[in-house]
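J.: Below is the sequence, then the predicted model.
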Amino acid sequence: GRIYALDALTGEEQWVSLVSSAVLGSVLVQDGQVYVTTFDGALIALDARNGEMLWQKKVADRIWAAPFLYDGLIFFGDANGNLYAFDLDGEEQWSQELNGAVIASPLVKDETLVAVTSLGNIYLMGLDGSDIQPVSIGGELYASPAPAGDFILVAVTDGDNFLIALDQNGAQKWVYTPEK
């Protein structure tokens, strides 16, 4: 895969960096570094000035979605169902094994980390990976959860419901199912 840096005003290419595999999600830019996840299961940090690779960390399986940054931690999941937290220096802080592939980017809302899996599971937990509250719903979850006021919205694929709103504790507040 390739990462391209362009001048935002002119569109002129600034640098190109080759990485180990395809990049399926967006990149993160923080404090002069570009963080990217790859399909072959790597979290990579590049120097934002020149694209030079600073470090690369491999995880158990393929990564489909963009990493999510919150409070100095990079959160992302892999196709094996692992959810990871790395610091900005590439040190793994913790990992949790979830039920189902983590295809979507996680979310942090009000100090609660939210991750979804392909098997229809939603996990709410502390930023340190503790106090996991699993919520199982019918259908598959491939889209990232989204914040909406006091709620967390989860879009369902191949299930009876289309969109579900949960509160911070994982309690279902409403469901939207379009007419067929």
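T.: Happy to help now that I have it.
J.: Just give the closest residue to residue 30, not the sequence neighbours.
T.: Nearest in space to residue 30, with sequence neighbours left out and distances taken as Cβ to Cβ, 6 or more residues apart in numbering, is residue 69 at 6.0 Å. C-beta: built from backbone N, CA, C; applies to glycine.
J.: Now do the contacts for that neighbour.
T.: Neighbouring residues of residue 69 by Cβ atoms under 8 Å, 6 or more residues apart in numbering: 28, 30, 35, 75.
J.: Bridged to the third one, which residues?
T.: By that I understand residue 35. Using DSSP bridges, the beta-bridge partners of residue 35 come out as residue 28, residue 45.
J.: Could you check how many residues crowd around it?
T.: Residue 35 is flanked by 22 other residues according to other Cβ atoms under 10 Å.
J.: distance of residue 177 from residue 145?
T.: Relative to residue 145, residue 177 is positioned 18 Å away (Cβ to Cβ, to the nearest Å).
J.: more neighbours, these two?
T.: residue 145 (23 against 12).
J.: didn't the more buried one look like it was pressed against residue 122?
T.: Yes - counting by Cβ atoms under 8 Å, residue 122 is a contact partner of residue 145 at 7.2 Å.
J.: which residues do these two both contact?
T.: Contact criterion Cβ under 8 Å, 6+ apart; residues shared by residue 145 and residue 122: 114-116, 154.
J.: Quick one: these as a markdown table, columns for neighbour count, distance to residue 15 and secondary structure too.
T.: Shown next, in a markdown table, are the shared contacts of residue 145 and residue 122 (neighbours: other Cβ atoms under 10 Å; distance: Cβ to Cβ, whole Å; DSSP: H, G, I helix; E, B strand; the rest coil):
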| residue | neighbour count | distance to residue 15 | secondary structure |
| --- | --- | --- | --- |
| 114 | 26 | 34 | strand |
| 115 | 27 | 32 | strand |
| 116 | 30 | 34 | strand |
| 154 | 25 | 37 | strand |
